[in-house]
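Enquirer: Sharing a model that was predicted from the sequence below.
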Amino acid sequence: MQYYVYGPYEMAREDGGLAISRRRDDKKAFWAAVDQGEKGLPEACGCYVLVIRGVAWYVGLAAAQGFRQEIFQHHKLLLYSEALRKVGGRAQFIFIAKATPSDRFSKPSKNGHRDIRWLEQLLIGLAIVRNDGLRNIKDTKLLREMHVPGIINSNQGEGRATSVQALRRAVGV
């Protein structure tokens, strides 16, 4: 399974910069820029990340429908706006698009793409380590509560033990 990374693409804001724009013209301009950057990407499937000030604030997937239909759903706009109110900055999206063996974008599918779901969980796990304010809620309880010294949710100084350092080297952290 091959994936390619595209972006970041900046989305217009409203309400003094504290919310993602809901205006049709702004969305149209956003998708035109994405399509110009990589033809066909708006209809592709894969994962996407909302980035503000270089930090991931939301990780999502587009498996049953393409990115264009997925990322500006009402409940997601609310999550993005929460993040913008918290930190301010430019709202950017990075797309991780799945490719076919012939190097074209994979099409969305209601029944398949278990790999996209797995990739989303991996990206959420990586993002939550860096930003405990990640707006994702679904399937994050374990990631937020699990404690493994030197790996996830460690307290300061816990990563110094020889055993923890050996584990970190072994798994490439």
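Expert: Structure's in. What do you need?

Enquirer: going forward, measure contacts and count neighbours with C-alpha atoms only.
Expert: OK.

Enquirer: Give me the distance between A161 and N153.
Expert: Using C-alpha to C-alpha, to the nearest Å, we find A161 at a distance of 16 Å from N153.

Enquirer: neighbour-wise, which of the two wins?
Expert: Shown here are A161 and N153; by other C-alpha atoms under 10 Å, N153 has more neighbours (17 against 12).

Enquirer: how about the helices of this structure, start to end?
Expert: Using DSSP state H, the helices of the chain run over 24-37, 67-70, 74-87, 114-130, 141-145, 162-171.

Enquirer: May I see the ones you listed organised as TSV, with distance to V51 and mean neighbour count added?
Expert: Putting the helices of the chain into TSV (distance: least, C-alpha to C-alpha, whole Å; neighbours: other C-alpha atoms under 10 Å) gives the following:
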stretch	distance to V51	mean neighbour count
helix 24-37	15	14
helix 67-70	16	18
helix 74-87	10	16
helix 114-130	10	17
helix 141-145	20	12
helix 162-171	26	12
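
Enquirer: Kindly reformat the ones you listed as CSV containing distance to L50 and mean pLDDT.
Expert: Converted to CSV, those look like this (distance: least, C-alpha to C-alpha, whole Å; pLDDT from 0 to 100):
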stretch, distance to L50, mean pLDDT
helix 24-37, 14, 96
helix 67-70, 13, 96
helix 74-87, 8, 93
helix 114-130, 11, 92
helix 141-145, 19, 82
helix 162-171, 27, 91
